[in-house]
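Chemist: Next input, structure requested:
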Amino acid sequence: MVQVYFHCSNTEGTLIDRYGAVVANLTEARDRAAQIMNSMIQTPGAEDWRDWVIHISDDDGEEIFDLPFTAILGKPH
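Modeler: Numbering: from 1, shown residues only. All right, here's what the predicted structure looks like:
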């Protein structure tokens, strides 16, 4: 089990995850990232999520991987 953090960013700024989550492996981290992205996308508002990326980092602040929101939204046409 490892503590990971899910920071979200676009060209205008970054949303810092101060709490993180404990995951067993990379698959669980990716699944949790997808849940977070879905939750943000489904929140009512005018935000265009297509240029956002979620960055999954370890306890030391080292990025493990990132995932663009377009992975959930689909590719822009």
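
Chemist: Every contact and neighbour count from this point should use C-alpha atoms.
Modeler: OK.

Chemist: Closest to the centroid, which residue in this structure?
Modeler: Nearest residue to the geometric centre of the chain (CA atoms, centre = their mean): residue 54, 2.8 Å.

Chemist: How about the secondary structure of that residue?
Modeler: strand (DSSP: H, G, I helix; E, B strand; the rest coil).

Chemist: contacting residues around it?
Modeler: For residue 54, the contacting residues are 6-9, 33, 37, 66-69, by CA atoms under 8 Å, 6 or more residues apart in numbering.

Chemist: ok, it to residue 21 distance?
Modeler: Between residue 54 and residue 21 the distance is 14 Å, computed by CA to CA, to the nearest Å.

Chemist: do the same with residue 8
Modeler: Distance from residue 8 to residue 21, by CA to CA: 15 Å.

Chemist: So which of the two has more stuff around it?
Modeler: residue 8 (22 against 14; other CA atoms under 10 Å).

Chemist: That one: what's its closest spatial neighbour, skipping adjacent residues?
Modeler: Leaving aside its sequence neighbours, residue 8 sits nearest to residue 54 (CA to CA, 6 or more residues apart in numbering; 4.3 Å).

Chemist: Likewise for residue 65?
Modeler: Closest residue to residue 65 apart from its sequence neighbours, by CA to CA, 6+ apart: residue 56 at 5.5 Å.

Chemist: Pull the number of nearby residues for that neighbour.
Modeler: 24.

Chemist: Run through the bridge partners of it.
Modeler: residue 6, residue 65 (DSSP bridges).
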